[in-house]
Structures are given as structure tokens and as C-alpha cells.
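A.B. asks: Following is a predicted model, sequence given first.
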Amino acid sequence: MYIKILIYYIFGYVNIVVEGFFIERFINMCISKRIFFWNTDRSKSTIFSANIGVGNYKEVVKIAKKCQCKIKINKKHGLPFLLNRYRKRKIFAITLVIIAMGIMAISNFIWNIEITGIDETKQKEILEFIQTEGINIGKYKNNIDLQNLINKIRIARDDVAWIGMEIKGTNLIVQVVEADEKPEIIDENEYCNIIASKDGIITKIEAQNGTPVVSEGDTVKKGDVLVQGWLEGQYTENRYVHAEGNVTAKVWYSDKEKVYYTQNYENQTGNKEKKYSININNFKINFFKTLSNFENYDTIRTIKKLKLTSNFYLPIEIIVNENFEKKYDQITYDKNEAKEIGIKDLKNKLEQQIENSENISNIYINTDETDEYIEVEVIYEVLESIGTKEKIEY
Amino acid sequence: MIKPRKGKVKNRISKVLAVPEEVSLGVPKLTILKFEEVLIENYKGILEYQDFFIRIQTYIGIININGFKLSLEEMTVDDVIVKGKIESIDFESIVENEEG
């Protein structure tokens, strides 16, 4: 029913008013000629109104004449009449067509490259790689050979385990799965030395296989051989083996920091101003004076890409610069406070480097005072296993 | 209006074959939805159409529908829907009940 009416809407329909004494006859004749009408209304005994399709109107007029009824068009509905009404607005129609064509043309290009799955520095690297391969913002979408590009990236980069590319709308989505860096595993059958991975003083050395070269209390540097991968026999010649053993050493982690007694601090005053500009494919339009009203300020820049639908990006960016006013305050510390601050900072820094905080055996703190600042040095003494295997090269 | 003899034969055949009567004999079938909509299948013509009163001719008699704001909708050659506030429906049969 509704679909029928919709079709009549597309081809146009008219609301007719029939006036006469033989309305029933008129209706019966219409039905026998298979004329469809709807929205019938019979408010008065001699007046009948209904909607009929435009194509049936001529027939209806004939029938009405036969029934000695007057017929009149009350209102015209439907697309043909609607279009007829706007017939004289040529420019409007032309612009509509131009806009539709423009959107279709724009949708053939890539306007956004989105990389997910890895951190920002690597995102930039991959983006640069993609750009050197010729896929840039504004590239015609149909000429892109994604499979080829994926293969190239996978060959060029070891840290990518899997990469997937997809063009959705005007959006190129690159999904990357990062590969874990594998430590070099030396096969059991191959010969190797154990070398030091860090500077330190040996506290314990256990060689299960191979000849230990250093003893307890020795100072070693990074790269020194600790256990050599060969055995000296009494009656045989030197025999190469796969060295194995545990080497523990005291390792020091240290850092220095100068803490000044008077320091400048930035404080935001809470005043801010927003400045907008539009970037159309590297052509920038500012809506403001570039100079800020504030003397000292931080700027936070947010870039929004315009999009029609979730995947249909347009080559237009809106840039919002938010300036936050700030002022400088001076804070003075006495010696103890400055020292505490320095120690706290350094401890935080160093504890990130140490893998296992349970192995810390000692913490040394040195300070050096001057008139302007206090220099703090924190040294962590950690017991760590420092042996790593290295293949013997002949 | 149905010729008795032919009707009888047709009637028997349709009973044997279990064909619905409204298909084989062309008798009207009324479907009433709520008190606001009547679907009448196998009608012949509209005798009278008023806001409050509709008379519909069928092969075995006349159907009278009383109510308010009645309107005819979805008219085809075979069926018609009457919409509006229906108060009563009554029939004027022109075929005598033969077997009872």
C-alpha cells in the first residue's frame, strides 16, 4: 500500500474533487477500469474527494462526464510538480549537481593516513616510508597497490611483525603489529664465550662449562671475557666448548644533579584565548592576528580534520590554537630541601634503569655544596648477573 | 444471483476438493479488524457511499455498514477496505437458504 503510494508520489498524483449525484456510480466505474485511488473523503453527500495518479486523470475525467459529475483538481502532489515549481532556478540546480560531482571527485583521493598499533616515533617513520613510496595525502585512490607496499615495508623493517592496510572512504588505515626484539640465541652445539654486559666488580663466578678467566674481586669492563669457551686438557689439545655459568657482579648506577636554591616556576594564571585557522591542503587561512595578547604563554595546538562520514575525510583542517597565559614565580629552598629534592629526582630516574630492585645492596649519596646550588650524586650498588653469551669467531 | 443448479454442482466439487468457498463460489468474505476496519473480498460494487453509511453489493446480497467517518480504501476489483468507526454491520440476503 505505502509502496504503491510512494510510486505514485514519484510519478505525481492529484487530489480531485468530484461533485454530482452519481458518486457511487463514478466509484464503481473507476474500480472496473482498475483506477487506484486513496485518501477518499466524503464529507458531504454530493462531494467526493480522492487522490489519483496523474496518468489516470484523463480517464477519470471521461468517467466523470459519463456520470454527469463535475471534476476539479484540488491540489497537485509529487515529484514532477515539485521539480516543475523549481524549474526556473537553474543556478540552484547547477550548483547542486556541481556539489554532488565535487563530493564524488573528492572521494576518489586519500585525505587521511591513520597508523595504529605502534608508538609515535615509529608511526612517523612508517608514515615517512609510505610517503617516500609515493602515497601521500591527496593521492588518487585507485592507483595504489597496497599489497606491494605492505611487502616493501615488511622487507625494510624488522620490527614489524604484521602490517595491514585498508582504504576506507578517503581514509588509509595502517595497522601495525610490532615484533618483539628477539635476543640472539646461540645453539647448544656451537662454541661460545661468556662476556660481561656491564662494568662491575665480580662477586661470584660459577663456571659449569669452560674456563673462568676472572676471579672474585676483579674489576671488569663491558665486553670483557669472563668464561672462555674452551677447556685445557692435560693430555689433549684445547677443546672448544659451549661455555655456561653464572657470573654475579656489583654494578653501579649513578647520576648527578644540580639543584639551585632559587628556582623559577611557571604558573598558569587561568587566562586563555582561542585562535582558529583553517588549513586547506597546506593553504592556511588565519582568522586572527598572529600576535598574542599575553606576554608569556603556552600554546596547545589541536588539529581537527573535517569529515563527512566516519571514513570520509575532507582535505580541510581546522586548527585551534589555545594560548594559556603564565607567569614566573621564584621559589627559594634551603640546603636540606634542595638536597631532598635532588635525591628524590635521582632515585626516580635510577630506579627505572634497575631491572630488579630487590638486588640493591647499597645506596650512596654524595653532596657538593656551593653558594648557588647543591650538587647531589646518588649511586646505587646492585648485585646483578652480567654474563651474556657470545659466539666464538674463528 | 447464483444459478441454483450450477451452484449446487460447483458447491459439491469444491466441498470434495476442500477449496475455500470464497474462491470457488465467489461469496463475500468479511474480515473485521478491531471495530475500525473491514476487509470485504468478492464484492460487486458500491451502491451507496456516505460518511456514516456504506452499502456494498455482493453476489449473494447487500452489506450495510453503519458508523462515523467511514472511508473506502484500497479498492481493487475484488476487494475493498472500509475504515472508520464502525457501529454495526448488517446483511440483506437475496439468496434463500436452501438446506439450512
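C.D. replies: Looks like it arrived, so ask away.

A.B. asks: and the closest residue to chain B within chain A, what helix or strand is that in?
C.D. replies: Here chain A gets closest to chain B at one residue, A:Asn28, 4.4 Å apart by Cβ to the nearest Cβ. Quick note: C-beta positions are derived from backbone N, CA and C, even for glycine. Assigned by DSSP states H and E, A:Asn28 falls within helix A:23-32.

A.B. asks: what's in contact with that helix?
C.D. replies: Helix A:23-32 has contacts (Cβ atoms under 8 Å, 6 or more residues apart in numbering or on different chains) with A:18, A:20, A:37, A:42, A:46, A:48, A:60, A:63-64, A:66-67, A:69, B:45-49, B:72, B:75-77.

A.B. asks: Leaving out chain neighbours, which residue sits closest to A:Asn271?
C.D. replies: Once flanking residues are discounted, A:Asn271 sits nearest to A:Glu325: 4.1 Å by Cβ to Cβ, 6 or more residues apart in numbering or on different chains.

A.B. asks: ditto for A:Asp345
C.D. replies: Per Cβ to Cβ, 6+ apart, closest to A:Asp345 is A:Glu257, 6.0 Å.

A.B. asks: what packs against the helix or strand harbouring that neighbour?
C.D. replies: For A:Glu257, the element it lies in under DSSP H and E is strand A:244-260. Contact here means 3 or more Cβ pairs under 8 Å, 6 or more residues apart in numbering or on different chains; DSSP states H and E; on that basis strand A:244-260 packs against strand A:192-196, strand A:200-209, strand A:225-228, helix A:335-353, strand A:373-385, strand A:387-391.

A.B. asks: So, low pLDDT: which residues of chain B?
C.D. replies: Along chain B, the model assigns pLDDT under 70 to residues B:1-7, B:96-100.

A.B. asks: list the contacts for the residue in chain B that chain A sits nearest to?
C.D. replies: As assessed by Cβ to the nearest Cβ, chain A sits closest to B:Gly45 within chain B, at 4.4 Å. Shown in contact with B:Gly45 (Cβ under 8 Å, 6+ apart): A:24, A:28, A:31, B:56-57.

A.B. asks: Ok, A:Asp329 next?
C.D. replies: With contact set as Cβ under 8 Å, 6+ apart, A:Asp329 has these partners: A:264-267.

A.B. asks: Which positions are bridged to it in the beta structure?
C.D. replies: A:Tyr265 (DSSP bridges).

A.B. asks: quick revisit: burial measure for the residue nearest to A:Asn271, as a count.
C.D. replies: Applying other Cβ atoms under 10 Å in any protein chain shown, we find 18 residues neighbouring A:Glu325.

A.B. asks: returning to what we had before: mind checking which of the contacts of helix A:23-32 are in helices?
C.D. replies: By the criterion of DSSP state H, membership of the contacts of helix A:23-32 in helices covers A:60, A:63-64, A:66.

A.B. asks: So which residues on chain A come close to chain B?
C.D. replies: By Cβ under 8 Å from any Cβ of the partner chain, the residues of chain A that approach chain B are A:1, A:23-24, A:27-28, A:30-32, A:34, A:36-38, A:40-43, A:45, A:48.

A.B. asks: how far away is B:Ile46 from A:Tyr333?
C.D. replies: B:Ile46 sits 102 Å away from A:Tyr333, going by Cβ to Cβ, to the nearest Å.

A.B. asks: In terms of neighbours, single out the busier of these two.
C.D. replies: The residue with more neighbours, out of B:Ile46 and A:Tyr333, is B:Ile46; 21 against 17, by other Cβ under 10 Å.

A.B. asks: wait, the more buried one sits on B:Ile54?
C.D. replies: Yes - using Cβ atoms under 8 Å, B:Ile46 is in contact with B:Ile54, at 7.3 Å.

A.B. asks: shared neighbours of these two, which are they?
C.D. replies: Each of B:Leu72 lies in contact with both B:Ile46 and B:Ile54 under the rule Cβ under 8 Å, 6+ apart.

A.B. asks: filter the ones in helices among the contacts of helix A:23-32 to the buried ones?
C.D. replies: Among these, those buried by neighbour count (16 or more other Cβ atoms under 10 Å in any protein chain shown) are A:60, A:63-64.

A.B. asks: Mind putting those into JSON lines with pLDDT?
C.D. replies: Formatted as JSON lines, those follow (pLDDT from 0 to 100):
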{"residue": "A:Val60", "pLDDT": "87"}
{"residue": "A:Ile63", "pLDDT": "88"}
{"residue": "A:Ala64", "pLDDT": "87"}
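
A.B. asks: Can you give me the buried ones in the lengthiest strand in chain B?
C.D. replies: Secondary structure of chain B read by DSSP state E shows that its longest strand is strand B:79-93. For strand B:79-93, burial by neighbour count (16+ other Cβ under 10 Å) applies to B:80-84, B:86, B:89.

A.B. asks: Same check on stretch A:335-347?
C.D. replies: Neighbour counts over stretch A:335-347 (16+ other Cβ under 10 Å) mark A:338-339, A:341-343, A:346 as buried.

A.B. asks: and if you look at stretch A:303-315?
C.D. replies: A:305, A:307, A:311-315.

A.B. asks: Pick out the most distant pair among the residues you listed.
C.D. replies: Maximum pairwise distance among the buried residues of stretch A:303-315 (Cβ to Cβ): 14.6 Å, between A:Asn311 and A:Pro315.

A.B. asks: who touches the one residue sitting closest to the centre of chain B in this structure?
C.D. replies: Nearest to the mean C-alpha position of chain B, counting by Cα atoms, centre = their mean, stands B:Pro28 at 3.4 Å. Going by Cβ under 8 Å, 6+ apart, B:Pro28 touches B:22, B:40-43, B:58-60, B:63.

A.B. asks: Buried ones among those?
C.D. replies: Applying 16+ other Cβ under 10 Å to those flags B:40-43, B:58, B:60, B:63 as buried.

A.B. asks: Please narrow the residues you listed to those residing in helices.
C.D. replies: Going by DSSP H, the helices hold none of the buried ones among the contacts of B:Pro28.

A.B. asks: how about the residues of chain B near chain A?
C.D. replies: Listed as neighbours of chain A in chain B under the rule Cβ under 8 Å from any Cβ: B:45-51, B:70-77.

A.B. asks: Now compare the residues you listed and name the two farthest from each other.
C.D. replies: B:Asp51 and B:Val77 (24.6 Å).

A.B. asks: would you turn the buried residues of stretch A:335-347 into a markdown table with pLDDT?
C.D. replies: Conversion of the buried residues of stretch A:335-347 to a markdown table gives the following (pLDDT from 0 to 100):
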| residue | pLDDT |
| --- | --- |
| A:Ala338 | 81 |
| A:Lys339 | 82 |
| A:Ile341 | 82 |
| A:Gly342 | 82 |
| A:Ile343 | 83 |
| A:Leu346 | 83 |
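
A.B. asks: Can you tell me which of those residues is nearest A:Gly210?
C.D. replies: For the buried residues of stretch A:335-347, the nearest to A:Gly210 is A:Leu346 (38.6 Å; Cβ to Cβ).

A.B. asks: In contact with that closest one, which residues?
C.D. replies: By Cβ under 8 Å, 6+ apart, the neighbours of A:Leu346 are A:255-257, A:376-378.

A.B. asks: if we can go back for a sec, which strand residues bridge the residue nearest to A:Asp345?
C.D. replies: With DSSP bridges as the rule, A:Glu257 is bridged to A:Val376.

A.B. asks: can you give me the strands in the stretch 101-250 of chain A?
C.D. replies: For the stretch 101-250 of chain A, the strands defined by DSSP state E, counting those that start in this stretch cover A:112-116, A:160-168, A:171-178, A:192-196, A:200-209, A:211-212, A:219-220, A:225-228, A:230-231, A:239-240, A:244-260.
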